[in-house]
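Novice: Output the structure for:
(chains A and B)
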2 protein chains.
Amino acid sequence: MSGLTVLGEFACFGGVQGFYQHLSTAVGLPMRFGVYRPPEAFRQPVPMLYLLAGLACNEETFATKAGAQRCAAEHGLVLVSPDTSPRRTGVPGATGEWDVGEGASFYVDAIRPPWAERFRMEHWLTVELPEVLASHFAVRRDRLGITGHSMGGHGALTLALRHPQRFRSVSAFAPVCSASRAPWGRKAFDRYFGDDPEARLSHDAVELLRAGARSAHMLVDVGSADRFLAEQLMPDLLEQACREGGQGLTLRRQPGHDHSYFFVSTFMADHIAHHAQALR
Amino acid sequence: MSGLTVLGEFACFGGVQGFYQHLSTAVGLPMRFGVYRPPEAFRQPVPMLYLLAGLACNEETFATKAGAQRCAAEHGLVLVSPDTSPRRTGVPGATGEWDVGEGASFYVDAIRPPWAERFRMEHWLTVELPEVLASHFAVRRDRLGITGHSMGGHGALTLALRHPQRFRSVSAFAPVCSASRAPWGRKAFDRYFGDDPEARLSHDAVELLRAGARSAHMLVDVGSADRFLAEQLMPDLLEQACREGGQGLTLRRQPGHDHSYFFVSTFMADHIAHHAQALR
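Specialist: Numbering: from 1, shown residues only, chains lettered A, B, ... in the order given. The predicted structure follows:
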């Protein structure tokens, strides 16, 4: 295991918000992530929660705009905000567009060249990063929850469904519920998976549910005024798939809310409480 | 009075975070500001609080990074986050440096050319903007408080001391307490005031106090690990001037905290409560 480079550490709500970088074996490049340690984490190992950000965001987005640290301090959760993709990948086509490539990993392991070598976010998040975190911070790697926003909501739902033993709690803000149908997801999957139907469907939350995958009870908030709701997010399909499959889901359509972090921050306390109840 | 252009409005903690622009008579240019309206402001006029941001920030900084809306919703305060200066001023030298000119007004009315025509932030904030706000939102213009961060903390303290009838509550995060001594302030004052000693001293919180100015009780937080503490902020001088002058001051040196919005957000709830107690 390589060491951790401290990019910055900031006192915050009695704990420390840090930003770090390590050389990832999975990705073959330095990967960045934020870690918020609540006061309790300086006394004993505590559960942790992944916060996966959306398209064109990075490891600072949730840490600066979501107001999550106050809630995490109260409930004794470590918050982990990974970057949204590898950076400086040198992969042709990885930096020209905001909705595919760098900043737009969709949290999958790509299977097609030239993406497959570097774009291995699922492996990084599910195998490598938990070990890195457990080596450097007082965390309980057996108590890990996951949430996210938009593309990161897709990441939270699909990773929780694909790795139910790893992620013991799950929620999402305005998730892309069916990435193989949504224009954003289709474009990204074309690059990362080509026309491999098995790969595309097995990274689509709705299709995973239809195929029998199950996760912990899902808490999902969407804004009724989110301009991406019908075309990109498709929460109705999630609701239907959960109902038909017996998957626990609390889906809340929040009146007047849009796709912004003003929406995310408004409901962050509910999500942190949801994860704390499951993880603690 | 010219109309208001809505740049964006976002549901947030039961209220609305908006960003607006109006053509300022004081400045002669469009000026931008954020307004957060808590739920109560949709039923009746409520008090309002200015949030003045620091160097190189704008009207979005407090609105996106400080976590203030949650507290304002609880206490029924409208939050007003003005831009930190006029923009696209065409003033020679106004855009080349991050610590003077656009984004760095120090919230004064400049008296020297070429700055004096456009850089009239004090007049805008104390005379024009309250009228604009009262015309378009349910606010009580007689119940106005002021806070700020860094350069904005200087703005909050000096404007409160210069206009004690206007600002009925005051606080600051990591303020530049003596702008005529601090390198940032000296550089800006050279441009805006030249060597006019009266102007320089009358926009310096410490010197205003020494000259007999008084404001509502001040709540001031500074981080003990703020790298600007000794050279730029000088809270010891503020403490001494308040003590000698009988000015009410609660100065808190927060262990381990730096100059960031991780510091600001940590103590925002205390500041909002301080203002709500005075204004409601």
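Novice: Quick check: A:Met31 vs A:Leu23, distance?
Specialist: Distance, A:Met31 to A:Leu23, using C-beta to C-beta, to the nearest Å: 8 Å. Where you see a C-beta, it was placed from the backbone N, CA and C, and this is true even at glycine.
Novice: now A:Phe33
Specialist: Applying C-beta to C-beta to A:Phe33 and A:Leu23 gives a distance of 13 Å.
Novice: More neighbours: which of these two?
Specialist: A side-by-side neighbour count of A:Phe33 and A:Leu23, using other C-beta atoms under 10 Å in any protein chain shown, places A:Phe33 first with 25 against 14.
Novice: Quick one: name whatever helix or strand follows the host helix or strand of that one.
Specialist: For A:Phe33, the element it lies in under DSSP states H and E is strand A:30-37. Using DSSP H and E, the helix or strand that directly follows strand A:30-37 along the chain is strand A:46-52.
Novice: for that next one, packing partners?
Specialist: Other elements packing on strand A:46-52 under the criterion 3 or more C-beta pairs under 8 Å, 6 or more residues apart in numbering or on different chains; DSSP states H and E are strand A:78-82, strand A:139-148, helix A:151-162, helix A:261-279.
Novice: Go through the ones you listed and pick out the most buried.
Specialist: helix A:151-162 (a mean of 29; mean count of other C-beta atoms under 10 Å in any protein chain shown).
Novice: Report the angle between that helix and helix A:261-279.
Specialist: When axes from the mean of the first three to the mean of the last three C-alpha atoms, to 10 degrees is applied, the directions of helix A:151-162 and helix A:261-279 differ by 20 degrees.
Novice: Show me what the helix or strand following helix A:151-162 is in contact with.
Specialist: Moving toward the C-terminus from helix A:151-162, the next helix or strand (DSSP H and E) is strand A:169-173. The contact list for strand A:169-173 (C-beta atoms under 8 Å, 6 or more residues apart in numbering or on different chains) reads A:49, A:145-150, A:152-154, A:156-157, A:160, A:215-222, A:263-264, A:267, A:271, A:274-275, A:277-279.
Novice: Distance from the chain centre to strand A:169-173, please.
Specialist: When distances are taken as C-alpha atoms, centre = their mean, to the nearest Å, strand A:169-173 is centred 9 Å away from the chain's centroid.
Novice: How about stretch A:185-199?
Specialist: 19 Å.
Novice: residues contacting the spatially most central residue of chain A?
Specialist: Nearest to the geometric centre of chain A sits A:Leu52, at 2.7 Å (C-alpha atoms, centre = their mean). Each residue near A:Leu52 by C-beta under 8 Å, 6+ apart is listed here: A:Pro82, A:Thr84, A:Tyr107, A:Ile146, A:Thr147, A:Gly148, A:His149, A:Met151, A:Gly152, A:Gly153, A:Gly155, A:Ala156.
Novice: Chain neighbours aside, what residue packs nearest to the first one?
Specialist: The one in question is A:Pro82. Excluding the flanking residues, the one nearest A:Pro82 by C-beta to C-beta, 6 or more residues apart in numbering or on different chains is A:Phe33, at 4.4 Å.
Novice: Show me the beta-bridge partners of that neighbour.
Specialist: Bridge pairing for A:Phe33 (DSSP bridges) gives the partners A:Tyr20, A:Pro82.
Novice: thinking again about what came up before, and which of the contacts of A:Leu52 is nearest to chain B?
Specialist: Taking C-beta to the nearest C-beta as the measure, chain B sits nearest to A:His149 out of these, at 14.3 Å.
Novice: Up against chain B, what does chain A have?
Specialist: Chain A has residues A:10-14, A:17, A:64-65, A:67, A:69-70, A:223, A:225, A:254-258, A:260-263, A:265-266 near chain B, with proximity defined as C-beta under 8 Å from any C-beta of the partner chain.
Novice: Which of these fall within helices?
Specialist: Among these, DSSP state H puts A:Thr64, A:Lys65, A:Gln69, A:Arg70, A:Tyr261, A:Phe262, A:Phe263, A:Ser265, A:Thr266 in helices.
Novice: Closest one to A:Trp124 out of the residues you listed, please.
Specialist: Within these, the smallest distance to A:Trp124 is 22.2 Å, found for A:Thr64 (C-beta to C-beta).
Novice: Quick one: low-confidence residue ranges for chain A.
Specialist: Along chain A, segments meeting pLDDT under 70 span A:1-2.
Novice: quick revisit: which of the ones in helices among the residues of chain A next to chain B sit farthest apart?
Specialist: Checking those with C-beta to C-beta, the most distant pair is A:Gln69 and A:Phe263, at 18.1 Å.
Novice: So what does the residue of chain A positioned farthest from its centre look like in phi/psi?
Specialist: Distance from the C-alpha centroid of chain A, by C-alpha atoms, centre = their mean, peaks at A:Arg43 (26.9 Å). Phi and psi for A:Arg43, reported as degrees, to the nearest 10, are phi -110, psi -30.
Novice: list the contacts for it?
Specialist: Contacts of A:Arg43 (C-beta under 8 Å, 6+ apart): none.
Novice: returning to what we had before: closest one of the ones in helices among the residues of chain A next to chain B to A:Gly185?
Specialist: A:Phe263 (20.5 Å).
Novice: and the gap between the residue of the stretch 51-200 of chain A found nearest chain B and B:Thr266?
Specialist: Nearest residue of the stretch 51-200 of chain A to chain B (C-beta to the nearest C-beta) works out as A:Gly67 at 4.3 Å. As judged by C-beta to C-beta, A:Gly67 and B:Thr266 stand 11 Å apart.
Novice: Buried subset of the residues of chain A next to chain B as a PyMOL selection?
Specialist: Filtering these down to the buried ones (16 or more other C-beta atoms under 10 Å in any protein chain shown) takes a single PyMOL command:
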select buried, chain A and resi 10+11+12+13+14+17+64+65+67+69+70+223+254+257+258+260+261+262+263+265+266
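Novice: Ramachandran angles for A:Leu7?
Specialist: phi -90, psi -30.
Novice: How about A:Val108?
Specialist: According to degrees, to the nearest 10, A:Val108 has phi -110, psi 170.
Novice: Wait, it touches A:Arg200, no?
Specialist: No - A:Val108 sits out of contact with A:Arg200 when judged by C-beta atoms under 8 Å, with a separation of 9.8 Å.
Novice: And these two? Which one has more around it.
Specialist: Per other C-beta under 10 Å, whichever of A:Val108 and A:Arg200 has more neighbours is A:Val108, with 27 against 21.
Novice: so who does that one touch?
Specialist: Contacts of A:Val108 by C-beta under 8 Å, 6+ apart are A:Phe119, A:Met121, A:Glu122, A:Phe189, A:Tyr192, A:Phe193, A:Ala199, A:His203.
Novice: ok, the first one to B:Arg162 distance?
Specialist: Just to be clear, that refers to A:Phe119. 57 Å.
Novice: Would you mark the buried spots in stretch A:174-194?
Specialist: For stretch A:174-194, burial by neighbour count (16+ other C-beta under 10 Å) applies to A:174-182, A:184-185, A:188-189, A:191-193.
Novice: Sitting in strands, which of those do you find?
Specialist: Judged by DSSP state E, strands contain none of the buried residues of stretch A:174-194.
Novice: for those, which one is nearest B:Leu4?
Specialist: B:Leu4 lies nearest to A:Ala174 out of the buried residues of stretch A:174-194, by C-beta to C-beta, at 28.8 Å.
Novice: wait, doesn't that closest one sit right on A:Phe262?
Specialist: No - A:Ala174 lies out of contact with A:Phe262 (C-beta under 8 Å); the separation is 11.9 Å.
Novice: Excluding chain neighbours, what is closest to A:His271?
Specialist: A:His271 sits nearest to A:Ser171 (C-beta to C-beta, 6+ apart), 4.7 Å away.
Novice: contacting residues around the nearest residue to A:Gly245 once chain neighbours are set aside?
Specialist: Spatial nearest neighbour of A:Gly245, excluding adjacent residues (C-beta to C-beta, 6+ apart): A:Leu209 at 5.0 Å. Applying C-beta under 8 Å, 6+ apart to A:Leu209 gives the contacts A:Leu161, A:Leu238, A:Ala241, A:Cys242, A:Gly245, A:Gln247.
Novice: List just the nearest of these to B:Arg141.
Specialist: Looking across the contacts of A:Leu209 and measuring by C-beta to C-beta, the closest to B:Arg141 is A:Leu238, at 47.0 Å.
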